[in-house]
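In: Turn this into a structure:
(one chain, ligands or ions: 1)
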Amino acid sequence: MVPACMVYGFIAFWGVLGLAVFFIAMRGGPRAARESLHTDSRLGQRAVTLGIVLLFALGLVVPALVLAFNGEHKATVAVGGLHLNAEEVRGRELFAHTCAVCHTLAAVKSVGRIGPNLDVRVGDDIATAAGRKALVLSAIAEGRARGLGQMPAMLYQGKEAEQVADFVAAVAGH
Ligand code: HEC
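Out: Now for the predicted structure:
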C-alpha cells in the first residue's frame, strides 16, 4: 500500500511548487506574467515543453504506482476487511485448491456440500481462534468419517496444514 504520509507529502510538494510558480510569475505584476507566458525565447519554449512532458509522465507514473501497490495490498484483505498475514494468504490458496470442493467457506466463496459448512462448524461453533485452528488441524491430520461423509486424512501435512488451519481459523464465520 502507498503509505498515507507519502500521499500527503506528494500533495504538499506539488502544492508548494504550484504556489512558488504562481508567485514567481506574478512577481513583475500581471503584465510581466503575461509577457513571460507569451515569450518567444527558445529557452522559455523549451521549459514549457519540458513542463508539459513532465506533467504527462507524472500523470502516468503516479496512477500506475498506486495501482501496482494497491493490487498487492488487496491480496491480504479477506472477508469483513480482515487482514491476512503471509501464512494465511498461502493457506487461502491451499484451501481453495483442495478443501473448497467439499466445504462451504465464504472467505473463498466456495459452496461445497460434501462436508459441513465451515463458516458454521468452525466459525460459529468454536469460540476461540486457537480452538478453531486445533479443530481444523485435527480434521486434516485424522480425516473424518463420523457418519456425515468421508474426508480423507493428510490432505496436507506440516507447514501447509498449519497455513490452512491459520487461514480457516482467521476467516471462518466472517
Ligand atoms: C472429499 C471431500 C472433503 C475434502 C476434500 C475436505 N473435507 Fe473436510 N470434511 C468432509 C466431510 C464429509 C466432513 C464431515 C465428516 C464427518 O464428520 O463425518 C468434513 C469435516 C471437516 C471439518 C469438521 C471437523 C469436525 O470435527 O467437525 C473440518 C474443520 C474440515 N473438514 C476441514 C477441511 C479442510 C481444512 C480441508 C482441506 C485440507 C478439507 N476439510 C477437505 C469432506 C471433505
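
In: Any idea how many residues pack against Ala96?
Out: Ala96 is flanked by 16 other residues according to other CB atoms under 10 Å. (Each C-beta comes from the backbone N, C-alpha and C, glycine too.)

In: In contact with the residue lying closest to it once chain neighbours are set aside, which residues?
Out: Closest residue to Ala96 in three dimensions, ignoring its sequence neighbours and counting by CB to CB, 6 or more residues apart in numbering: Val108, at 4.9 Å. When contacts are counted by CB atoms under 8 Å, 6 or more residues apart in numbering, Val108 touches Arg92, Phe95, Ala96, Ala100.

In: Could you tell me how many residues sit around Ser138?
Out: By other CB under 10 Å, the residues close to Ser138 number 12.

In: Phi and psi next, for the residue nearest to Val77 when sequence neighbours are not counted.
Out: Spatial nearest neighbour of Val77, chain neighbours left out: His83 (6.3 Å); criterion: CB to CB, 6+ apart. Torsion angles at His83 (phi, psi; degrees, to the nearest 10) stand at phi -110, psi 130.

In: how much space between Arg31 and the ligand?
Out: When CB to the nearest ligand atom, to the nearest Å is applied, the distance between Arg31 and the ligand equals 76 Å.

In: isn't there a helix covering that residue?
Out: Yes - the secondary structure assignment for Arg31 places it in a helix, going by DSSP: H, G, I helix; E, B strand; the rest coil.

In: count of residues packed around it?
Out: Burial of Arg31 is recorded as 8 neighbouring residues (other CB under 10 Å).

In: Quick check: pLDDT value at it.
Out: pLDDT, Arg31: 72.

In: ditto for Ala169
Out: Confidence per residue is given as pLDDT, and for Ala169 that number is 97.

In: cool, Gly71 as well?
Out: Model confidence at Gly71, expressed as pLDDT, equals 65.

In: quick one, what contacts Ala165?
Out: Neighbour list for Ala165: Gly91, Lys133, Ala134, Val136, Leu137, Ile140 [criterion: CB under 8 Å, 6+ apart].

In: Within reach of the ligand, which of those residues are there?
Out: Val136, Ile140 (CB under 6 Å from any ligand atom).

In: As TSV, the contacts of Ala165 with secondary structure and neighbour count would be great.
Out: Formatted as TSV, the contacts of Ala165 follow (DSSP: H, G, I helix; E, B strand; the rest coil; neighbours: other CB atoms under 10 Å):
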residue	secondary structure	neighbour count
Gly91	helix	27
Lys133	helix	20
Ala134	helix	14
Val136	helix	26
Leu137	helix	18
Ile140	helix	24
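
In: pLDDT for the contacts of Ala165 - can I get that in a markdown table?
Out: Conversion of the contacts of Ala165 to a markdown table gives the following (pLDDT from 0 to 100):
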| residue | pLDDT |
| --- | --- |
| Gly91 | 97 |
| Lys133 | 97 |
| Ala134 | 97 |
| Val136 | 98 |
| Leu137 | 98 |
| Ile140 | 98 |
